[in-house]
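In: This is the structure alone, sequence omitted:
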């Protein structure tokens with residue numbers, strides 16, 4: 001193995017890593033902001049509220065992310081109304097097409113996680129909130145959402161790790177993220193073994209960091225719950 005080649009490639013791989021981290025952060029924040037209210041809608045009894053969210057979740061969870069990226073990147077450009085709208089300067093750029101695809105895909109999975117967590121909140125605590133006269137918003141803010149967040153954290157942590165790995169598909173539409181930079185370096189050096197091992201180790205380090213962050217958050221939640229008992 002050519003360790004000198006790996007060392008020389010690290011600065012360029014780091015530049016790609018920064019873009020990967022940007023994709024990851026934007027996707028995580030926006031998908032969570034969208035998923036929480038959609039999960040609340042998903043657990044309501046009215047079918048006309050539940051089913052649009054369920055269809056959205058099934059479509060984006062049931063189709064490959066790469067296909068979704070291609071549809072957004074290549075398909076939107078075929079719509080005249082989009083090309084004439086204010087959004088076209090953004091949607092013509094592969095960066096924003098990748099962000100949209102990642103956010104929609106991650107939201108679909110996160111809705112599914114939060115929906116299960118909300119439904120797992122003990123019914124007795126919800127009934128107690130009703131007995132105290134809490135409004136719909138107060139019930140979710142003070143009882144359901146804090147409990148659901150703790151219950152969802154392990155699965156949500158796994159989803160964040162999958163999100164890091166999914167960002168590698170951005171390279172399919174000419175974006176120089178970590179995988180895109182690795183592909184470029186391989187084309188220059190004809191050394192796929194060293195370059196992709198280096199890129200894989202960087203992805204592994206990112207996943208390792210996220211995994212430990214999630215464990216720390218779980219510990220904090222356990223400590224806070226224990227102090228209240």
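Out: Thanks, I have the structure now. All of these numbers come straight from a predicted model, not from anything done at the bench. Numbers count the residues shown, from 1 in each chain.
In: CA atoms for contacts and neighbours, from now on please.
Out: OK.
In: burial count for residue 59?
Out: A count of neighbours around residue 59, defined by other Cα atoms under 10 Å, yields 12.
In: where does residue 87 land on pLDDT?
Out: pLDDT for residue 87: 84.
In: Could you do residue 145 as well?
Out: Taken from the predicted model, the pLDDT recorded for residue 145 is 88.
In: ok, it touching residue 118?
Out: Yes - contact between residue 145 and residue 118 holds when scored by Cα atoms under 8 Å: they sit 7.2 Å apart.
In: Comparing these two, which residue is more hemmed in?
Out: For residue 145 versus residue 118, the count of surrounding residues by other Cα under 10 Å is larger for residue 118: 23 against 19.
In: Could you check how far the more buried one is from residue 183?
Out: Look at residue 118 and residue 183: by Cα to Cα, to the nearest Å, they are 42 Å apart.
In: Could you do residue 91 as well?
Out: 24 Å.
In: Which residue comes closest to residue 120 once chain neighbours are left out?
Out: The shortest distance from residue 120 to any residue other than its chain neighbours is 7.4 Å, reached at residue 148 (Cα to Cα, 6 or more residues apart in numbering).
In: Heading C-terminal from the helix or strand containing that neighbour, find the next helix or strand.
Out: Secondary-structure assignment from DSSP states H and E places residue 148 in helix 145-166. If you walk from helix 145-166 toward the C-terminus, the next helix or strand you reach (DSSP H and E) is helix 178-189.
In: So for the next helix or strand after that following helix, mean pLDDT?
Out: The helix or strand immediately downstream of helix 178-189 is helix 192-228, counting by DSSP H and E. For helix 192-228, the mean pLDDT works out to 83.
In: what packs against helix 192-228?
Out: Judged by 3 or more Cα pairs under 8 Å, 6 or more residues apart in numbering; DSSP states H and E, the packing partners of helix 192-228 are helix 3-42, helix 145-166, helix 178-189.
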